[in-house]
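Asker: Fold the stuff below for me.
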Amino acid sequence: MKLEHFVFRSPMPASADSVFAWHCRPGAFERLSPPLESVKVLERTGGVEDGGRVVLSVRAGGFWRRWTAEHCDYEQGRQFCDVQTEGPFAQWRHTHRVVPDGPDKCFLEDDIEYALPFGFLGRLLGGSLVGRKLERMFRYRHRITAGDLCLHEKYSGGQPMKIAITGSTGLVGSALVPFLNAGGHHVTRIVRTSTTEGDAVWNPGTGQIDAARLNGLDAVVHLAGENIAARRWNAEQKARIRDSRVQGTKLLCETLAKLQRPPRVLISASAIGFYGDQGDRELTEASPSGSGFLPEVCREWEAATEAAKKASIRVVQLRFGVILSPGGGALAKMLTPFRLGLGGRIGNGRQWMSWIALDDVVGCIHHALATDSLHGPVNAVSPRPVTNREFTKTLGKVLWRPTLFPMPGFMARLAFGEMANELLLASTRVLPRALLDSGYRFLYRDLESALRHLLGKDKPAPAANEHTRVYLSHYQPVEVGADR
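Answerer: Predicted structure coming up:
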């Protein structure tokens with residue numbers, strides 16, 4: 001059996017002890033799983049110490065496979081290993097190693113020995129593909145590790161918080177929860193059906209909420225709400241969209257206001273739909289609301305936080321733009337037609353799109369939790385909005401695909417009805433004035449760098465030795481406050 005050897009090594013802007021501790025906490029594995037990869041945790045026993053075990057469901061070769069790994073060779077503060085006992089490889093041994101480089105820096109090194117199944121045939125058909133996939137995956141993982149460590153160091157100062165979150169299984173919540181857990185914070189999920197000890201149960205439709213579990217928290221992040229693009233709008237669906245936001249927010253805020261020890265801060269989701277279709281006009285938090293269904297919903301949604309404000313809870317209403325992630329939302333729906341070369345602009349393509357990468361969504365929420373001067377409406381969008389035409393061209397460029405198939409406005413309206421006018425054809429050119437003024441610096445300011453990160457299309461790291469596939473990452477570690 002021929003073993004392949006892959007090593008990826010990057011500088012980290014934190015001490016070896018901090019980097020190792022981050023990897024040992026709950027949530028680290030989820031943070032390190034690229035959104036393009038199909039991986040589900042089925043079972044976990046113990047941590048990364050010897051004897052720990054994790055069972056995954058992974059998509060390999062078009063099929064879901066069970067992957068079981070056991071941990072061994074644990075050395076406190078320096079390394080741990082996982083060895084495949086069942087899975088898609090003939091053999092797999094992964095050593096996670098942290099090498100000190102002074103008191104506040106280190107190198108993170110992932111060292112993998114593996115063998116492909118089916119011997120020579122497996123190496124012939126899949127050898128180069130697996131090598132490229134590993135290089136792409138670990139480039140993503142090291143960037144996430146460096147960025148998360150910087151954010152936690154700057155905003156938390158090492159002090160853990162107790163935070164409750166609604167919408168924890170949605171696109172944003174599923175990224176935010178592991179980010180906070182890996183940073184050492186304690187997260188309570190507010191859910192309709194409890195699956196984990198410590199969850200707080202609620203039901204906005206009936207007014208049920210477990211207030212006792214919310215007493216004494218440091219913060220609450222409210223993300224729950226019906227997906228506005230889940231299905232074609234009709235009277236019933238529009239009522240669901242409105243009620244899921246307004247009723248849930250009102251119940252939560254009235255409950256928090258009555259607590260003996262209410263949280264210091266509430267981060268409540270909103271949307272740039274507040275502004276409506278406003279053409280080429282640059283919009284800030286001081287701009288007026290527009291007309292239409294979404295502006296009406298957003299106004300009522302934000303007004304529902306009034307009880308929390310009156311109770312002297314600092315309330316931040318994050319008006320999210322188009323959140324980019326291949327794991328869900330608008331970008332995920334675009335990928336298949338664009339990869340097939342069937343993508344194109346919508347309407348005339350001149351309408352403005354105010355977007356934000358999922359990693360910056362997490363960063364903005366974290367910034368809002370820790371920045372006492374921030375309150376009221378806050379636009380959570382990149383400082384560089386683009387037109388639909390520019391977005392289309394950039395996505396095609398990143399995917400190496402033509403964008404020759406536009407969707408005329410009348411076709412969008414036929415396909416999506418009223419939703420087309422307010423989501424696809426409306427022009428909303430929003431700027432994040434409050435975030436920038438309060439000191440937040442974006443990880444991904446321009447669209448192309450964001451898409452390359454999210455879709456694993458960065459330039460490959462140089463290989464120092466092709467025989468053993470040793471990769472030395474030359475990117476600069478993310479530094480919060482540095483432009484990108």
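Asker: switch to C-alpha atoms for all contacts and neighbour counts from now on
Answerer: OK.
Asker: In which helix or strand does Cys298 reside?
Answerer: Taking DSSP states H and E as the definition, Cys298 sits inside helix 293-303.
Asker: Tell me the helix or strand right after that helix.
Answerer: Counting by DSSP H and E, the next helix or strand C-terminal to helix 293-303 is helix 306-310.
Asker: Which pLDDT value goes with the residue lying closest to Leu324 once chain neighbours are set aside?
Answerer: In space, Leu324 comes closest to Ala357 once its chain neighbours are excluded; the distance is 4.8 Å by C-alpha to C-alpha, 6 or more residues apart in numbering. In the prediction, the pLDDT value recorded for Ala357 is 96.
Asker: again with Phe405
Answerer: Here, the pLDDT recorded for Phe405 equals 92.
Asker: could you list every residue that touches it?
Answerer: Residues near Phe405 by C-alpha atoms under 8 Å, 6 or more residues apart in numbering: Leu342, Gly343, Gly344, Arg345.
Asker: For the third one, grab phi and psi.
Answerer: Comment: the main-chain dihedrals of Gly344 come out as phi -180, psi 170, following degrees, to the nearest 10.
Asker: Chain neighbours aside, what residue packs nearest to it?
Answerer: Closest residue to Gly344 apart from its sequence neighbours, by C-alpha to C-alpha, 6+ apart: Pro406 at 4.1 Å.
Asker: cool, and the second one?
Answerer: By the measure of C-alpha to C-alpha, 6+ apart, the closest residue to Gly343 outside its immediate chain neighbours is Thr403, 4.9 Å from it.
Asker: Next: the last one.
Answerer: If the residues on either side of it in the chain are set aside, Arg345 comes closest to Pro406, at 4.7 Å by C-alpha to C-alpha, 6+ apart.
Asker: shouldn't the residue nearest to Gly343 be in contact with Leu340?
Answerer: No: using C-alpha atoms under 8 Å, Thr403 is not in contact with Leu340; the gap is 9.9 Å.
Asker: Please tell me I have it right and Pro178 contacts Glu30.
Answerer: Yes: with contact defined as C-alpha under 8 Å, Pro178 counts as touching Glu30 (6.2 Å).
Asker: okay, these two: which has more neighbours?
Answerer: More crowded of Pro178 and Glu30, by other C-alpha atoms under 10 Å: Pro178, with 22 against 18.
Asker: in whichever strand or helix holds that one, what counts as buried?
Answerer: Here Pro178, judged by DSSP H and E, is contained in helix 173-182. Using 16 or more other C-alpha atoms under 10 Å as the test for burial, helix 173-182 gives Gly173, Ala175, Leu176, Val177, Pro178, Phe179, Leu180, Asn181, Ala182.
Asker: what ranges of the protein fall below the confidence cut-off?
Answerer: Across the chain, residues meeting the criterion (pLDDT under 70) sit at 60-61, 122, 156-158, 459-484.
Asker: Longest helix in it, please.
Answerer: Criterion DSSP state H: the longest helix present in the chain is helix 119-156.
Asker: helices or strands up against that helix?
Answerer: strand 4-12, helix 28-32, helix 358-370 (3 or more C-alpha pairs under 8 Å, 6 or more residues apart in numbering; DSSP states H and E).
Asker: Please enumerate residues in contact with the helix or strand that the shortest one is followed by?
Answerer: Sequence order places strand 39-45 as the next helix or strand after helix 28-32, per DSSP H and E. Contacts of strand 39-45 from elsewhere in the structure, counted by C-alpha under 8 Å, 6+ apart, are Ser33, Gly52, Arg53, Val54, Val55, Leu56, Ser57, Val58, Arg59.
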